[in-house]
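Novice: Turn this into a structure:
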Amino acid sequence: MAGYESEYTVFMREMQAKHPEWADEQLAGRAILWDRPINLAEQEAFRKAKEPNRSYPYDVNFEQK
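Specialist: Next comes the predicted model:
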């Protein structure tokens, strides 16, 4: 089975060969969502605003604050 490639793998290899510009577009799309500068002050504000988890959230007799 060393030489086996699924139909999906063959399809993707063919499409990447036909459309080499997809690699650059993929990197650009990744940059939109993930490659951003981190705002440390905002991160700290989110951390301080987070409420601690309740010990057992499914307890019906647990009183909310």
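
Novice: Touching the helix-or-strand element of the chain with minimal mean pLDDT from outside, list them.
Specialist: Counting by mean pLDDT, DSSP states H and E, the weakest-scoring helix or strand in the chain turns out to be helix 21-33, with a mean of 90. Residues from elsewhere that reach helix 21-33, judged by Cβ atoms under 8 Å, 6 or more residues apart in numbering: 15, 16. From N, CA and C alone the C-beta is placed, and that goes for glycine too.

Novice: Past it, which element shows up next along the chain?
Specialist: helix 40-49 (DSSP states H and E).

Novice: Could you check how far that following helix is from the centre of its chain?
Specialist: 21 Å (Cα atoms, centre = their mean, to the nearest Å).

Novice: Check stretch 19-31 too.
Specialist: For stretch 19-31, the distance to the chain centre is 17 Å (Cα atoms, centre = their mean).

Novice: Check stretch 36-55 too.
Specialist: How far stretch 36-55 lies from its chain's middle: 18 Å, per Cα atoms, centre = their mean.

Novice: Quick one: end-to-end distance for it.
Specialist: 35 Å (Cα to Cα, to the nearest Å).

Novice: where does the protein dip in pLDDT?
Specialist: 1, 62-65 (pLDDT under 70).

Novice: Tell me, how many residues neighbour residue 22?
Specialist: 11 (other Cβ atoms under 10 Å).

Novice: in which helix or strand would I find residue 53?
Specialist: Counting by DSSP H and E, residue 53 is part of no helix or strand.
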